[in-house]
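Asks: Got a predicted model here, sequence first, then my questions.
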Amino acid sequence: MIEGPYFVLVVLGAVWCGVSSGVFVAFSTFVMRGLGALPAAQGIAAMNAINVAALTPPFMAVFLGAAVLCAVIAVVTFVLWPDAGTIELLLGCALYLTGSFGVTVLANVPRNAALAGLSGDEESESSAAQWRTYVAEWVRWNHVRAATGAAASLLFVLALT
């Protein structure tokens, strides 16, 4: 049975992963749809502004906080190796760290950087084509982030039951 500070750590991991996943779900289900419906120049400008605004402490605390909690939970789980929930905890940590954090670093952030490079050239047909590709690919990877964050949260809850 998971108890004491370890219990609190796992509950925090479940909450942080769930909140992070919720942000990703919001982007996949309506934010990116709204931005994609705008003319390319406006969509590019809006997404670039969102990408800058996302680097604020509240979002970073949720996103990076979940990654740190998962790393700590994985280490503590390996050290304590509880009688129950071990597989769920380690799988939840792996899902968030690879599917949410890793995909962000390897898929979404590079696309954001490329989009930022279009600043000043938002009106060209080339930029409009890149915008359409960006939206489709970014959302596809964002679905992965949302699903793996939600799965990690669920696995942490299952480990506690």
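Replies: Happy to help now that I have it. Numbering: from 1, shown residues only.
Asks: For the longest helix anywhere in the chain, buried residues please.
Replies: Assignment by DSSP state H gives helix 125-160 as the longest helix of the chain. Buried residues in helix 125-160, defined by neighbour count with 16 or more other CB atoms under 10 Å: 127-128, 130-131, 134-135, 138-139, 141-160. Heads up, the C-betas are built off the backbone N, CA and C, glycines and all.
Asks: what helix or strand does the closest residue to residue 101 other than its chain neighbours sit in?
Replies: Spatial nearest neighbour of residue 101, excluding adjacent residues (CB to CB, 6 or more residues apart in numbering): residue 67 at 4.4 Å. Assigned by DSSP states H and E, residue 67 belongs to helix 57-80.
Asks: Please apply the same query to residue 82.
Replies: Assigned by DSSP H and E, residue 82 falls within no helix or strand.
Asks: In contact with residue 15: list those residues for me.
Replies: Listed by CB atoms under 8 Å, 6 or more residues apart in numbering, the contact set of residue 15 reads residue 153.
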